[in-house]
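when you get a sec, could you give me coordinates for this:
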Amino acid sequence: MSVPMRTERDPVALATALEAAEARLLSIMQTVPDAMIIIDESGRIESLSTTAERLFGYSLDEIAGKNIKQLMPAPHREQHDSYLKRYLTTGERRIIGIGRVVVGQRRDGTTFPMHLTIGELRSGNKHYFTGFIRDLTDQQVTESRLNELQSEVTHMSRFTALGEMASTLAHEINQPLTAIANYLKGCQRLLERIDGEPALVLRDAVSKAADQALRAGHIIRRLREFVARGESERRVESLPKLIEDASTLALIGAKENGIAVSFRMDPSAALVLADRIQIQQVLVNLIRNAIDIMTESSGRRELEIGTMTNADETVEVSVSDTGAGLAPEVAAHLFQPFVTTKRKGMGLGLSICRTIVEAHGGKIWVDAKPSGGTIFRFTLRTAREEMDLAE
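Purely as a prediction, here's the structure:
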């Protein structure tokens with residue numbers, strides 16, 4: 001006796017296939033990493049992934065059958081139904097298949113930024129829409145921190161550049177002022193040999209001019225002393241964290257320019273005594289210089305940032321590149337003010353770096369790499385763990 005085979009239209013087979021499909025969908029909704037929501041053509045929620053439940057604060061049982069606009073803040077909530085109706089009527093796609101950043105609303109009423117991509121599914125005469133959602137809260141926090149760090153470093157860079165320029169200009173201006181004072185004193189001695197009322201008036205005017213020249217010199221010397229003090233707020237800082245924050249800012253665009261970046265960190269070089277913003281400024285300057293140099297070269301582009309502990313209780317930080325290198329005559333004066341290898345540079349960046357490092361009790365220098373390129377190095381004082389606890 002033969003047993004008849006079931007066809008694809010067999011109700012039992014169809015029910016089994018439907019159960020298997022529902023099981024697969026349930027498995028997807030439970031494991032998909034991004035939040036996923038399925039709605040029907042009326043905007044009612046059909047299914048909610050486990051990630052979406054956590055993100056919005058609703059369980060599927062609580063929100064199934066309710067309008068998706070419940071997960072939106074005003075004014076988007078009031079406008080959503082009209083958007084959906086317009087699409088079903090005209091077929092004009094405005095957001096389907098196009099990811100965009102929108103705002104979602106949790107069960108507790110709080111809102112958050114999210115990236116939304118909408119897909120469409122047709123089953124018979126019905127439309128279903130699938131929303132894939134990625135929470136952007138952490139990304140915005142990171143971007144906010146990056147902007148804050150950039151603002152801090154930019155502010156400190158301008159302040160330090162101003163001080164460096166003031167110190168340099170004070171030195172340069174003080175020399176001609178001294179010469180002017182000496183010439184005026186010579187004129188005064190010559191006028192003392194001449195009698196008459198005009199000579200008396202001239203002697204008095206020259207004497208006052210010499211006094212003002214000397215006064216200007218004293219003002220400039222005080223300015224130089226103020227700038228030279230350059231006192232900074234140094235604390236025990238994590239060197240890896242300083243490098244991480246500075247690299248986040250300085251390495252923008254490195255990958256796009258084909259630059260391979262690597263880190264060689266000494267685990268023992270952990271804590272340093274430093275002004276966080278100033279040392280980040282040094283690192284940003286050195287890293288950006290390396291990127292600029294390599295961007296102009298056609299050879300291999302490799303940037304390495306490293307640390308190591310020295311025997312004299314200092315930590316050495318290095319920034320190595322594979323650029324064109326420096327001519328010996330340029331390297332000898334590289335850290336002096338207004339010396340630059342850039343067409344549009346002011347020549348203050350490395351001078352500022354030297355001022356900051358030396359104010360920290362360290363030193364900064366540059367070495368040529370035998371294989372091509374340069375290595376900038378600077379040192380900082382190490383700090384013991386117990387110093388951090390004592391703060």
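
what about the residue nearest the centre of the chain, which SS state?
Residue closest to the mean C-alpha point of the chain, counted by CA atoms, centre = their mean, is Leu249 at 2.7 Å. Put simply, Leu249 is helix when judged by DSSP: H, G, I helix; E, B strand; the rest coil.

you'd agree it is up against Val284?
Yes: applying CB atoms under 8 Å, one finds Leu249 in contact with Val284, separated by 5.8 Å. From N, CA and C alone the C-beta is placed, and that goes for glycine too.

all strands for this structure, in order.
For the chain, the strands defined by DSSP state E occupy 35-40, 45-48, 100-105, 111-123, 126-135, 235-238, 260-264, 271-274, 302-309, 314-320, 364-368, 374-381.

make a markdown table out of the ones you listed and add distance to Asn182, mean neighbour count and mean pLDDT.
Converted to a markdown table, the strands of the chain look like this (distance: least, CB to CB, whole Å; neighbours: other CB atoms under 10 Å; pLDDT from 0 to 100):
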| stretch | distance to Asn182 | mean neighbour count | mean pLDDT |
| --- | --- | --- | --- |
| strand 35-40 | 79 | 20 | 88 |
| strand 45-48 | 87 | 20 | 88 |
| strand 100-105 | 69 | 16 | 84 |
| strand 111-123 | 68 | 14 | 83 |
| strand 126-135 | 72 | 17 | 85 |
| strand 235-238 | 47 | 17 | 90 |
| strand 260-264 | 56 | 13 | 92 |
| strand 271-274 | 44 | 22 | 92 |
| strand 302-309 | 51 | 19 | 94 |
| strand 314-320 | 45 | 21 | 95 |
| strand 364-368 | 37 | 16 | 91 |
| strand 374-381 | 41 | 20 | 94 |
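
those strands: which one's closest to Leu191?
Closest approach to Leu191 among the strands of the chain (CB to CB): strand 364-368, 51.6 Å.

could you check the angle the closest one makes with strand 374-381?
Comparing the axes of strand 364-368 and strand 374-381 via axes from the mean of the first three to the mean of the last three CA atoms, to 10 degrees yields an angle of 150 degrees.

which helices and strands does strand 364-368 pack with?
helix 349-359, strand 374-381 (3 or more CB pairs under 8 Å, 6 or more residues apart in numbering; DSSP states H and E).

and it, which strands flank it?
Strand pairing for strand 364-368, determined by DSSP bridges: strand 374-381 (antiparallel).

what's the distance between the partner strand and the middle of its chain?
Counting by CA atoms, centre = their mean, to the nearest Å, strand 374-381 is centred 22 Å from the centre of its parent chain.

for stretch 266-284, same thing?
The answer for stretch 266-284 is 16 Å, by CA atoms, centre = their mean.

just stretch 297-316 next, same as before
Offset of stretch 297-316 from its chain centre (CA atoms, centre = their mean): 21 Å.

next, the distance between the ends of it.
Between the opening and closing residues of stretch 297-316 there is a gap of 27 Å (CA to CA, to the nearest Å).

model confidence for Val339, exactly?
pLDDT recorded at Val339 is 52.

with the one 10 residues further on instead?
According to the predicted model, the pLDDT of Gly349 comes to 73.

touching, it and Val284? I think so.
No: Gly349 is beyond contact range of Val284, at 9.6 Å (criterion: CB under 8 Å).

picking up where we left off before, just put the strands of the chain in CSV and tack on distance to Met294.
CSV is the format used below for those (distance: least, CB to CB, whole Å):
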stretch, distance to Met294
strand 35-40, 41
strand 45-48, 49
strand 100-105, 34
strand 111-123, 33
strand 126-135, 34
strand 235-238, 28
strand 260-264, 10
strand 271-274, 27
strand 302-309, 7
strand 314-320, 11
strand 364-368, 15
strand 374-381, 10
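
so for Ser207, which of these sits nearest?
Ser207 lies closest to strand 364-368 among these, at 46.8 Å (CB to CB).

any idea where the helices of this structure begin and end?
Assigned by DSSP state H, the helices in the chain fall at 11-31, 50-56, 60-63, 76-90, 137-191, 197-229, 239-250, 276-295, 328-331, 349-359, 385-390.

quick check: Arg381 touching Asp275?
No: using CB under 8 Å, Arg381 is not in contact with Asp275; the gap is 11.9 Å.

now do the shared contacts for the two.
Common contacts of Arg381 and Asp275, defined by CB atoms under 8 Å, 6 or more residues apart in numbering, comprise His360.

for Ile96, give its distance to Pro113.
Counting by CB to CB, to the nearest Å, the gap from Ile96 to Pro113 is 21 Å.

now Leu303
Leu303 is 33 Å from Pro113, by CB to CB.

and if you look at Asp10?
Look at Asp10 and Pro113: by CB to CB, they are 50 Å apart.

can you pull the contacts of Arg107?
Phe56, Gly57, Tyr58.

now do the phi/psi pair for it.
Note on Arg107: its backbone torsions stand at phi -60, psi -40 [degrees, to the nearest 10].

what's the local residue count around the residue nearest to Ile259 when sequence neighbours are not counted?
What sits nearest to Ile259 in space, not counting adjacent residues and going by CB to CB, 6 or more residues apart in numbering, is Arg301, at 4.4 Å. Arg301 has 21 neighbours, counted by other CB atoms under 10 Å.

correct me if wrong: Arg301 contacts Ala260.
Yes: using CB under 8 Å, Arg301 is in contact with Ala260, at 6.6 Å.

which of the helices of the chain comes out lowest on mean pLDDT?
Among those, helix 385-390 carries the lowest mean pLDDT, at a mean of 43.

Arg288 versus the residue nearest to the centre of the chain, what's the distance?
Distance of Leu249 to Arg288, given as CB to CB: 9 Å.
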